[in-house]
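Chemist: Here is my input, please return the structure:
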Amino acid sequence: MLAWQLQTLDDAHEGGASSVSLFESEAFLHYEYTLSSQIAYPQIKQALVFSNNADEPLVNLSEYQRVRLQLSCVPDNDLTFFAYIFDERTSTDKNNLRDIYSYKIAYSPFSCSEEVSTATIELQQLTLARWWLERINLDSSGQHYELNKVMALAIVGSGRGITDAPAKVNIQKITLEKRNMFFIALLLFLSALIWISFAVWALRYYTGALLQLTEMKLRSNMPFVAYKKLSIDSGKDKQKKELLQFMASEYTNPDLSLEFAVNKLSLNRAKINEILKEELGVTFSVYLNMLRLSRAARMLSQDNDMGIADIALSTGYNSVSYFSKLFKEKYGYAPKKFRELSRLSSE
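Modeler: The predicted model follows:
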């Protein structure tokens, strides 16, 4: 069993004035925080710091596949799951989470509603923070991560959610799920059986023939990023903040396009794409779809009977077929199947 200690980290060391209060509750973790917008990127972190062994506090989470969070937020909010991973090249102290920027940071954003729901975090599909790579001067070769030396996991409230207003988070349960080795072993066994049968058939009917094998390449899902905290750059802060806030408030508008944004903002097409490419590595249209599909996934995972067509329209898609196509490409399932699986996982 994994032992841990709760640590609350604010943004005071970066000049922020955000505050947080913990409440006594039957829930796993119940707290209220207020992010102050006096700095560009305020944050409040509730970190579960592992403490199995004082001499070696790092834990190996490689055998775990996902984290499930049963929680609610008042009002609806957008949070981020962080994993702090010890890196031999940069991490300075295995026992000091205050030096958080020396740890490799992998994350996954998720949504939280006033109704109790389950957020599922796939541990093998986290996104390595690009701003962390830039901060410690690592190139793209450092983007791989492993979960064999994890210092802490954290639930983070940041500027991608609510600022300058109280936000309550009630986490009822956190579950770490291991990989299902039975099905993996069964798959390997069936694969071996198929290949043995094929070899016997080939030897029987085509002795001496050269068998050409085609390697099947599995396409891995891109880690989902619906929002990203833009890095600090004093010369561009105002433009970045203007673009981020505009897209966060307008992404459900079916008329939103690059031209629409240009007409509403004091930015031209080239500048908008330059900001997004520099910070996220994607174009305006790709990032817009990320935002819309994030909201759609949240609505589908909630316990409601809203039709697929209505969800598509409410997230900015006039075409249901186009929405379904994009959703399946991103999540691997059609919207209807995704809803069914979400309901099963929450039972």
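Chemist: okay but Leu280 is in contact with Leu291, surely?
Modeler: No. At 11.3 Å, Leu280 does not count as touching Leu291 under the criterion of C-beta atoms under 8 Å. Every C-beta, even on glycine, is put in place using the N, C-alpha and C of the backbone.
Chemist: Looking at the two, which is more packed in?
Modeler: Between Leu280 and Leu291, counting by other C-beta atoms under 10 Å, Leu291 is the more crowded of the two (20 against 16).
Chemist: residue contacts, the closest residue to the more buried one other than its chain neighbours?
Modeler: Leaving aside its chain neighbours, Leu291 sits nearest to Tyr251 (4.1 Å; criterion: C-beta to C-beta, 6 or more residues apart in numbering). Shown here is Tyr251, whose contacts under the criterion C-beta atoms under 8 Å, 6 or more residues apart in numbering are 288, 291-292, 295, 315-316.
Chemist: pLDDT and secondary structure added to those, as a markdown table?
Modeler: Compiled in a markdown table, these are given as follows (pLDDT from 0 to 100; DSSP: H, G, I helix; E, B strand; the rest coil):
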| residue | pLDDT | secondary structure |
| --- | --- | --- |
| Leu288 | 92 | helix |
| Leu291 | 91 | helix |
| Arg292 | 92 | helix |
| Arg295 | 89 | helix |
| Thr315 | 92 | coil |
| Gly316 | 92 | coil |
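Chemist: Could you single out the nearest of those to Lys173?
Modeler: The shortest separation between Lys173 and any of the contacts of Tyr251 is 24.2 Å, and it belongs to Arg295 (by C-beta to C-beta).
Chemist: can you count the residues close to that closest one?
Modeler: Applying the criterion other C-beta under 10 Å, we find 18 residues in the vicinity of Arg295.
Chemist: picking that back up, need the contacts of Tyr251 in a markdown table with distance to Cys112, can you?
Modeler: Supplementary listing: the contacts of Tyr251 in a markdown table, determined by distance: C-beta to C-beta, whole Å:
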| residue | distance to Cys112 |
| --- | --- |
| Leu288 | 22 |
| Leu291 | 16 |
| Arg292 | 18 |
| Arg295 | 13 |
| Thr315 | 17 |
| Gly316 | 21 |
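Chemist: could you list every residue that touches Arg179?
Modeler: Contacts for Arg179 (C-beta under 8 Å, 6+ apart) come out as 63-65.
Chemist: can we see that at 6 Å?
Modeler: Remark: with contacts taken as C-beta atoms under 6 Å, 6 or more residues apart in numbering, Arg179 is in contact with Gln65.
Chemist: Next: Ile39.
Modeler: With C-beta under 6 Å, 6+ apart as the criterion, the residues that contact Ile39 are 15-16.
Chemist: Can you give me the distance of the residue nearest to Leu291 to Asn318?
Modeler: Applying C-beta to C-beta, to the nearest Å, one obtains 14 Å for the distance of Tyr251 from Asn318.
Chemist: same question, Met151
Modeler: 46 Å.
Chemist: again, but for Ala83
Modeler: Ala83 is 38 Å from Asn318, where distance means C-beta to C-beta.
Chemist: what's the answer for Asn253, then?
Modeler: Separation of Asn253 from Asn318 (C-beta to C-beta): 11 Å.
Chemist: ditto for Arg269
Modeler: If you go by C-beta to C-beta, the gap between Arg269 and Asn318 works out to 23 Å.
Chemist: What is the neighbour count of Phe189?
Modeler: Using other C-beta under 10 Å as the criterion, Phe189 is surrounded by 10 other residues.
Chemist: Please apply the same query to Leu344.
Modeler: Leu344 has 8 neighbouring residues, counting by other C-beta under 10 Å.
Chemist: Make sure it is indeed in a helix.
Modeler: Yes. Remark: Leu344 belongs to a helix, assigned using DSSP: H, G, I helix; E, B strand; the rest coil.
Chemist: and it, how far is that from Met299?
Modeler: Applying C-beta to C-beta, one obtains 17 Å for the distance of Leu344 from Met299.
Chemist: Now do stretch 319-329, average pLDDT.
Modeler: Regarding stretch 319-329, the rounded mean pLDDT is 93.
Chemist: Actually, stretch 257-265.
Modeler: Per-residue confidence for stretch 257-265 averages out to 90 on the pLDDT scale.
Chemist: And that stretch, what's buried?
Modeler: Buried positions in stretch 257-265, judged by neighbour count with 16 or more other C-beta atoms under 10 Å: 261-262.
Chemist: contacts for it?
Modeler: Here stretch 257-265 has contacts from 246, 269, 284, using C-beta under 6 Å, 6+ apart.
Chemist: so how far is that stretch off the chain centroid?
Modeler: Shown here is stretch 257-265, whose average C-alpha point lies 27 Å from the average C-alpha point of the whole chain (C-alpha atoms, centre = their mean, to the nearest Å).
Chemist: Brilliant, that's me finished.
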